[in-house]
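> next one to model:
(2 chains, ligands or ions: 3)
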Amino acid sequence: MVPVACRVAAREEIAPGTVSLTVGDCARSVGVPAPGQFNMLWAPGVGEVPISLAGRDGDDVVHVIKAVGAVTRALCALQPGDALGLRGPFGTGWDLTAADGHDVLIIAGGLGLVPLRPLIGEIVAHRARFGSVGLIIGARSPSDLLFAEEFAVWGAAVDLEVTVDHAPTDWTGRVGVVTQLVDAVSVDHDDAATFICGPEVMMRFAAREVLERGTPADRIQVSMERNMHCGIGHCGRCQLGPVFLCREGPVVPWARIDASMKVRGR
Amino acid sequence: MIAPTVRDGTITPDRIDSAAELPIGYTDDQDGGHYRLVPTGTDEYFASSSPIDSWKRFLSPPEALLVRGRSSSTDLEVEPVVPDPVAFAFVGIRACDLAAIGLLDRVFLAPDAVDPTYATRRREVFVVAVGCVHPGATCFCASMGTGPIPRDGYDLALTELYDGDRHEFLVDVGSDRGAAVMADVSGRPAVAADDEAAAARAERAVAAMGRQLDPLDPPRAAANPEHVGWGDVAGRCLSCGNCTMVCPTCFCSATQDRTALLGDGVERWRVWDSCFTADFSSLHGNPVRATTESRYRQWLLHKLVTWHDQFGSSGCVGCGRCITSCPVGIDLTAEIRVLAES
Ligand SMILES: Cc1cc2nc3c(=O)[nH]c(=O)nc-3n(C[C@H](O)[C@H](O)[C@H](O)COP(=O)(O)OP(=O)(O)OC[C@H]3O[C@@H](n4cnc5c(N)ncnc54)[C@H](O)[C@@H]3O)c2cc1C
Ligand code: SF4
Ligand code: SF4
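Ligands and ions are numbered 1, 2, ... in the order given. Here you go, the predicted model:
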């Protein structure tokens, strides 16, 4: 699959080293990812990396990228009008039908909030379809909290808890890790559709917390990150046990990867 | 025309222009980390076992250009690369390697994920398969159910019937294209005795295979991810990736950008990669599989176990190449036996 030439319609630095890119003009021809799906963004001459759908702006696709290495730095340096390549959409996103008529628990750590944001948007927009909804968001520090301007809208619709690992003295909110807040939101774990995304250690601990509270492993969806070069199961890099995460994932039920996650270096 | 031929002291599939370039009068002596070309003293064409390298390089080349473009900060022009059509004839390919191509087909011709390079090169292949009558010490295709006699996927299948004074080929026609080729070949109709002679050779070949793999062992090994045997094999493994390069079914790759020193040209190339490299599983600058143990486990369990989940069969066809080409002679049939013990 060949990248399509696209143009940056808008750019905003939304947190230190984290940039929101609105990709215009080609989104329609390529196809818009569903929440949890991703595109491969190409910085020509540098490389191509998987980036989740962060949201939509009309017909345009919004991606939020954190500069961590060569490719993401090049993508974050793009300015409105600049060109980039795009392939997609790839993978399997969040299964929101699992949540219909049930309680919902969402746990987001750091950049993990990016792929969850369109899912939260859907839930907030169709709030009546769900039971109690708990949303736990964590970040390293208050300035690393993404989409904070949307918290008021989300908080009005769902039970929202926000926490940071480290805080300056003027922070009046919670300090600590997301896993400590599982009991701070009121959802019925036995039946809650649970969605988790964040650093892998955080997802392990979060999954363990909700499993202990009675959520079945097949009701817990996580978005897994692995090295990916092709997006279509050819490069072999994203395998986690039997799963090609680029196709069957990145969102998978915990039950599907539980055995692999128990083995170091799987 | 690609066929086994003598190159650099080995028999390997490569381009030939006439039957005289087949490895006439040669066989091979293979074992863990060991390969020698051996004269047979006969004029048999196909007395060797599996060639040192596989045929995958012709269908999925070690380097393939995917995208060509011109790029400046504000402009990007992308030109799709249409692979040149190639019409290969694979002559003298063995049952194990034919089965391996069947496995690569499932990866690269998946209905929703067709690889244009592979599809273009694969489409026209004319297959002249050969039943193995002299399997090597590293062969175990009979255990994997892929050989030594090719069962399908060929246009013509040959069995070389040689015993001093008799030197004939029994030809099994597998397609209309094969029949069309045979229309121009002189010969006599096969009789029951010819089929019996071929069957007897196949039977002898099965008995002569140097290695075996019990199909019940891989799932047992998968259930033992912390077995001490993983650490033991990792202590010997150099993480060099030779086994993945020669394996006819290993398909993993990396895609790289290459830029012109001058000008605005940019290309994306796909190159073979190996699960034994650190970069392969790199995430946030560190490999997910940091140890040789985790890499060997990934390779072996993918090949023998998770391939079943992904593609409906084993990823190993029993060609033995990984044993021969391992510099320290690691033998997956021996390792899996140990790892399967509780
Ligand atoms: C499904 C999925 C969705 C993602 N969504 C987002 C997102 O919305 N926003 C965001 O900021 N980040 C996201 N990431 C992470 C992002 O892809 C990596 O940060 C990025 O690939 C790092 O590349 P780099 O060259 O900047 O850094 P380096 O760490 O220097 O990368 C080295 C090389 O590794 C290769 N690579 C391929 N895949 C990965 C990977 N997943 N992680 C690290 N290296 C990789 C690249 O080719 C790269 O050149 C996502 C990852 C996945 C798997
Ligand atoms: S794993 Fe070894 S024996 Fe099996 S197909 Fe690959 S190279 Fe041949
Ligand atoms: S098993 Fe042998 S060939 Fe494969 S990586 Fe280890 S040392 Fe190299």
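> contact residues of chain A facing chain B?
By Cβ under 8 Å from any Cβ of the partner chain, the residues of chain A that approach chain B are A:2-5, A:42, A:44-48, A:68-69, A:81-85, A:225-227, A:229-230, A:232-237, A:239, A:241-242, A:244, A:247, A:262-266. Every residue, glycine included, has its C-beta placed from N, CA and C.
> quick check, pLDDT for the residue of the stretch 51-200 of chain B found nearest ligand 2.
Nearest to ligand 2 in the stretch 51-200 of chain B, going by Cβ to the nearest ligand atom, is B:A100, at a distance of 6.3 Å. Reported pLDDT at B:A100 in the predicted model: 98.
> that one against B:G315, yeah?
No. Look at B:A100 against B:G315 with Cβ atoms under 8 Å: they stay out of range, at 9.1 Å.
> the stretch 101-250 of chain A: strands as residue ranges?
Using DSSP state E, counting those that start in this stretch, the strands found in the stretch 101-250 of chain A span residues A:104-109, A:133-139, A:159-164, A:174-175, A:193-197, A:220-223, A:239-240, A:243-244.
> so, in contact with ligand 1 or not, the longest one?
No. When contact is scored as Cβ under 6 Å from any ligand atom, no part of strand A:133-139 falls within range of ligand 1; the minimum is 13.9 Å.
> angle of that strand against strand A:159-164?
In terms of direction (axes from the mean of the first three to the mean of the last three Cα atoms, to 10 degrees), strand A:133-139 departs from strand A:159-164 by 10 degrees.
> OK, contacts around the most far-flung residue of chain B relative to its centre?
Largest separation from the mean C-alpha position in chain B: B:T74, at 44.4 Å (Cα atoms, centre = their mean). Contacts for B:T74 (Cβ atoms under 8 Å, 6 or more residues apart in numbering or on different chains) come out as A:G81, A:D82, A:A83.
> and for the nearest residue to A:P16 once chain neighbours are set aside, the neighbour number?
What sits nearest to A:P16 in space, not counting adjacent residues and going by Cβ to Cβ, 6 or more residues apart in numbering or on different chains, is A:S143, at 6.2 Å. For A:S143, the count of nearby residues is 11 (other Cβ atoms under 10 Å in any protein chain shown).
> any residues touching the longest strand anywhere in chain A, and which ones?
Across chain A, the longest stretch assigned as strand under DSSP state E is strand A:4-15. For strand A:4-15, the external contacting residues (Cβ under 8 Å, 6+ apart) are A:19-27, A:29-30, A:57, A:60, A:64, A:78-87, A:143-147, B:75-78.
> which among those residues are in contact with ligand 1?
Applying Cβ under 6 Å from any ligand atom to the contacts of strand A:4-15, those adjacent to ligand 1 are A:V64.
> narrow the contacts of strand A:4-15 to just the buried residues.
A:19-24, A:26-27, A:30, A:60, A:64, A:78, A:82-87, A:144-147, B:76, B:78 (16 or more other Cβ atoms under 10 Å in any protein chain shown).
> which bits of the stretch 1-150 of chain A sit near ligand 1?
Residues of the stretch 1-150 of chain A lying near ligand 1 (Cβ under 6 Å from any ligand atom): A:38, A:47, A:49-52, A:54, A:64-66, A:68-72, A:111, A:114.
> mean pLDDT lowest for which of the strands of the stretch 101-250 of chain A?
strand A:174-175 has the lowest average pLDDT among the strands of the stretch 101-250 of chain A, namely a mean of 93.
> partner strands of it and their direction?
Looking at strand A:174-175 with DSSP bridges, its partner strands are strand A:159-164 (parallel).
> in the strand it pairs with, what's buried?
Buried residues in strand A:159-164 (16+ other Cβ under 10 Å): A:D159, A:L160, A:E161, A:V162, A:T163, A:V164.
> and for stretch A:203-214?
So stretch A:203-214, judged by 16+ other Cβ under 10 Å, has buried residues A:M203, A:R204, A:F205, A:A206, A:A207, A:E209, A:V210, A:L211, A:R213.
> quick one: mean pLDDT for that stretch?
96.
> contacts for it?
If you take Cβ under 8 Å, 6+ apart as the criterion, stretch A:203-214 is touched by A:105, A:107, A:109, A:112, A:177-179, A:182, A:189-190, A:192, A:194, A:196-198, A:217, A:220, A:222, A:224, A:254, A:261.
> can I get stretch B:101-113 in CSV? Just the C-alpha atoms.
Included here for stretch B:101-113 are C-alpha records, laid out as CSV according to Å, rounded to 0.1, in the frame of the first residue of the first chain:
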residue,chain,number,x,y,z
ILE,B,101,5.9,-21.3,-1.2
GLY,B,102,2.4,-22.4,-0.3
LEU,B,103,3.0,-20.9,3.2
LEU,B,104,4.4,-17.6,1.8
ASP,B,105,1.3,-17.4,-0.4
ARG,B,106,-0.8,-17.3,2.7
VAL,B,107,1.2,-14.4,4.0
PHE,B,108,1.7,-12.3,0.9
LEU,B,109,-1.4,-13.1,-1.1
ALA,B,110,-3.9,-12.8,1.8
PRO,B,111,-7.1,-11.5,0.2
ASP,B,112,-7.0,-8.2,2.1
ALA,B,113,-3.2,-7.8,2.1
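> tell me where the stretch 101-250 of chain A has helices.
For the stretch 101-250 of chain A, the helices defined by DSSP state H, counting those that start in this stretch occupy A:113-125, A:151-157, A:200-212.
> residues in contact with the nearest residue to B:R204 once chain neighbours are set aside?
Nearest residue to B:R204, sequence neighbours excluded (Cβ to Cβ, 6+ apart): B:V133, at 7.3 Å. Taking Cβ under 8 Å, 6+ apart, we find B:V133 in contact with B:F46, B:A47, B:P148, B:T159, B:E160, B:R201, B:A202, B:R204, B:A205.
> and with 10 Å instead?
Taking Cβ atoms under 10 Å, 6 or more residues apart in numbering or on different chains, we find B:V133 in contact with B:44, B:46-47, B:49, B:148-149, B:159-162, B:198, B:200-202, B:204-205, B:208.
> buried ones among these?
Among the contacts of B:V133, those buried by neighbour count (16+ other Cβ under 10 Å) are B:44, B:46-47, B:49, B:148-149, B:159-162, B:198, B:201-202, B:205, B:208.
> and those residues, which of them are in helices?
Among the buried ones among the contacts of B:V133, DSSP state H puts B:A198, B:R201, B:A202, B:A205, B:A208 in helices.
> from the residues you listed, which single one is nearest ligand 1?
Closest to ligand 1, out of all of those and judged by Cβ to the nearest ligand atom, is B:A205, at 44.7 Å.
> the closest one and B:C141 touch, don't they?
Yes. Counting by Cβ atoms under 10 Å, B:A205 does reach B:C141; the two are 9.2 Å apart.
> can you list the weak-confidence ranges in the stretch 51-200 of chain A?
Under the criterion pLDDT under 70, no range of the stretch 51-200 of chain A is flagged.
> in it, which residue sits nearest chain B?
Nearest to chain B, among the residues of the stretch 51-200 of chain A, is A:A83, at 3.8 Å (Cβ to the nearest Cβ).
> quickly list what the residue nearest to that residue when sequence neighbours are not counted is bridged to.
Nearest residue to A:A83, sequence neighbours excluded (Cβ to Cβ, 6+ apart): B:L76, at 3.8 Å. Residues in a beta bridge with B:L76, per DSSP bridges, are B:S71.
> interface residues of the stretch 101-250 of chain B facing chain A?
Neighbours of chain A within the stretch 101-250 of chain B, by Cβ under 10 Å from any Cβ of the partner chain: B:107-108, B:110, B:112-116, B:118, B:222-223, B:225-226, B:244, B:250.
> report the contact partners of the residue nearest the centre of chain A.
The centroid of chain A falls nearest to A:P115 when counting by Cα atoms, centre = their mean (2.3 Å). By Cβ under 10 Å, 6+ apart, the contact set of A:P115 is A:33, A:35-38, A:51-54, A:64, A:93-94, A:108, A:195, A:197, A:223, A:225, A:250-251.
> which residue does the stretch 151-266 of chain A bring closest to chain B?
Closest point on the stretch 151-266 of chain A to chain B, by Cβ to the nearest Cβ, is A:G265, at 2.8 Å.
> can you map out the strands along the stretch 1-150 of chain B?
Applying DSSP E, counting those that start in this stretch to the stretch 1-150 of chain B gives strands spanning B:2-7, B:10-15, B:26-31, B:34-39, B:63-71, B:76-80, B:89-93, B:109-110, B:113-114, B:126-130.
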